[in-house]
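In: fold the stuff below for me.
(chains A and B)
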Amino acid sequence: MIVALWELIVRLADIPIYLVPKPSNIVEAAIDNRSELLEATARTMVASFTGLCLAIVLGITGAILLGFSRFLERSVFPYAIVLQTTPIVAVAPMIVIWVGPGLKSIVVVSLIISFFPMLSNTLVGLSAVDPEARSLFQLYGATRWETMRKLRLPGAMPYIMAGVRISGGLSVIGAIVGEFVAGIGGGRGGLGFVVQVSSKQLDIPYLAAGAIAGALTGVAYHVVSKRLSRRLLIWHESALIEEGGGKSIQAAPAGGG
Amino acid sequence: MRRSTMKGSWAVVLALTSALGLVAAACGDDGGGGDDGSGTTQVRLILGWVASPQFGGFFAAQQQGYYEDVGLEVVLEGGEVESPIQVVAAGGAEFGFGDADELLQARSQGIPIVGVFPTFQKALRILAYHEEEPVTSFESLDGRDVFVDLGDAWWEFVKVKYSLNDVRERSYSQQGFLRDDAAVIQGYAGDQLELSSADPSAEFGVLNVADSGWNPYMQVLFVSESYAEENPDRIRDFIDASVRGWEYYQENFHDVHVYMQDQGAEADPEVMDEIAELYEEYIFEGGFPAEMDAGRWQDTLEALQLTGVLDEDVDVSAAFSNEFLRS
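Out: I've put the predicted structure just below:
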């Protein structure tokens, strides 16, 4: 409906195509360039997905490590904040110098931009533990690792999934920004290239098409992570119900499970 | 689905407000800059780059008061601007610079601008390389790292003409080029001097892009069609004063360079002096100011068509005008 309104307003007000392209112009541009657009989207997807997966693994791992020690958390977390607040466009050129141009740098930029939400959200989740359950674990002599694995980490799942949803969109932004600086073109560029070239050539409809393709990739990650989180949380809920229904209170110290 | 009605209404409000804002911006073109009441009219010229010798004559005209003599208060807006054409077309400035190919591309997209004065008659684009790994021909660019402004038509032309299917095009970065002996970088005649001052130990060579057949008028002053219709005398006065500025600059460029330092110039006056001397042949040889030749615009159009970058065909005679030049 919004799309229809957009089309109507631009047509009625006769706004020039180089200021505001109509949805029909954008679709036309996308179709005219479909093979290039699809290839570019695929490349950006590969880079952003890799960056996202690395961010998830490193973010969760980092949070677990920090979760073991308040002291460690207090000393290391500020650096993570610095990493998040440093403008990525300022850091990206340095990354190209250190890592070299091409996919490696693009993945690193995507990783940096998606890392903090994963670390931060996981950390919050690990701390949001029911104090009674925590005492119970202590009572049964569970080690810190057992507490982490069986209580804190499962409890943090909703927070982790929220982090994934945020990082998903950010990883696409990171990949595109990375491509601005580190990309190698010559017909092998990603959406960052599409945006730069169409902007230079004043092809505003195609520029919009490229931007929308990037947005849709982010949306795709969001939808997939939402489905995944539903499945994981259902499993998580049922596992808790099974264990928490009186059975695990005997099972835990012996079980290790 | 139930919540979509609420979201829908806000979206409508947002869409309407932004559309109205855009309509206002699009209509808000023109009549030129403001009259500041003291009898001078303010006009803005988007340079598209920082103050440098390529704009020398315009700064000279400003410094020497030639613009004031014709009742104009000229604001020379320096700094890196992605698209001066869009800025002028949207009414953000009265004058801008673009190469002939950029103007033709804009017109093919329906942007109503017209070129009125060519700064450079001879195309100045070069490709610079390290002497350790010289570039002997355009064909030999294949497989090498080339730092360019992505999407530039001249580069698309060179890639198509010489079938550079394995060239590694990289986003423009002087640092990237300086660190890699095998790399190549785009530039303008005179850039090799700047590169040498950035890295005095290295030797650089240049390839003239014009040798590939790409030879448009460069840094053409342009205005929107509506501005040209409504203010022809103001445009003539501006060009007149600018021509006087260039003539002054030709003899006194060092002084102008010192003035330009306060206007945001990045290079040292001494480096700018060397570049200005180089520019002499690109600007003044062949008569100054030069009347633009339709045949040359047509050649540029055909080169553009080779790149596949043009959407619609363009009537070259509508893209430029010599009527604002006083001979």
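
In: can we go C-alpha only for contacts and neighbour counts from here?
Out: Will do.

In: and the contacts of the strand or helix carrying residue B:176?
Out: Applying DSSP states H and E as the criterion places residue B:176 in helix B:174-178. Residues outside helix B:174-178 that contact it (Cα atoms under 8 Å, 6 or more residues apart in numbering or on different chains) are A:97, B:147, B:183-185, B:199.

In: any buried residues in it, and which?
Out: B:176-178 (16 or more other Cα atoms under 10 Å in any protein chain shown).

In: between those, which sits nearest chain A?
Out: Chain A lies nearest to residue B:176 out of these, by Cα to the nearest Cα, at 7.5 Å.

In: tell me how far that closest one lies from residue A:13.
Out: 46 Å (Cα to Cα, to the nearest Å).

In: go on, residue A:24?
Out: Look at residue A:24 and residue A:13: by Cα to Cα, they are 15 Å apart.

In: next one: residue B:136
Out: Taking Cα to Cα as the measure, residue B:136 falls 54 Å from residue A:13.

In: kindly report the same for residue A:22.
Out: With the distance defined as Cα to Cα, residue A:22 ends up 11 Å from residue A:13.

In: comparing those two, which shows the higher neighbour count?
Out: More crowded of residue A:22 and residue A:13, by other Cα atoms under 10 Å in any protein chain shown: residue A:22, with 23 against 12.

In: correct me if wrong: that one contacts residue A:4.
Out: No. In this structure residue A:22 lies outside contact range of residue A:4 using Cα atoms under 8 Å: 9.6 Å.

In: which neighbours do those two have in common?
Out: Common neighbours of residue A:22 and residue A:4, counting by Cα under 8 Å, 6+ apart, are absent.

In: chain B contacts on the stretch 101-250 of chain A?
Out: Contact residues (Cα under 8 Å from any Cα of the partner chain) of the stretch 101-250 of chain A with chain B: A:180-187, A:193, A:196-198, A:200-203.

In: and residue A:100, what pLDDT?
Out: The per-residue pLDDT reported for residue A:100 equals 86.

In: what residues are up against the closest residue to chain A within chain B?
Out: Using Cα to the nearest Cα, the point where chain B gets nearest to chain A is residue B:151, with a distance of 4.2 Å. Residues counted as contacts of residue B:151 (Cα under 8 Å, 6+ apart) are A:196-198, A:200-201.

In: strands of the stretch 101-250 of chain B, start to end?
Out: Assigned by DSSP state E, counting those that start in this stretch, the stretch 101-250 of chain B shows strands spanning B:113-120, B:125-130, B:145-148, B:168-171, B:184-188, B:204-208, B:218-224.

In: quick one: neighbours of residue B:57, just the number.
Out: Each residue near residue B:57 was counted by other Cα under 10 Å, and the total is 23.

In: so where's chain A uncertain?
Out: Scanning chain A for pLDDT under 70 picks out the ranges A:186, A:235-257.

In: so what's residue B:70 closest to, chain neighbours aside?
Out: Spatial nearest neighbour of residue B:70, chain neighbours left out: residue B:237 (6.1 Å); criterion: Cα to Cα, 6 or more residues apart in numbering or on different chains.

In: could you report the neighbour count for the one you found?
Out: Residue B:237 has 20 nearby residues by other Cα under 10 Å.
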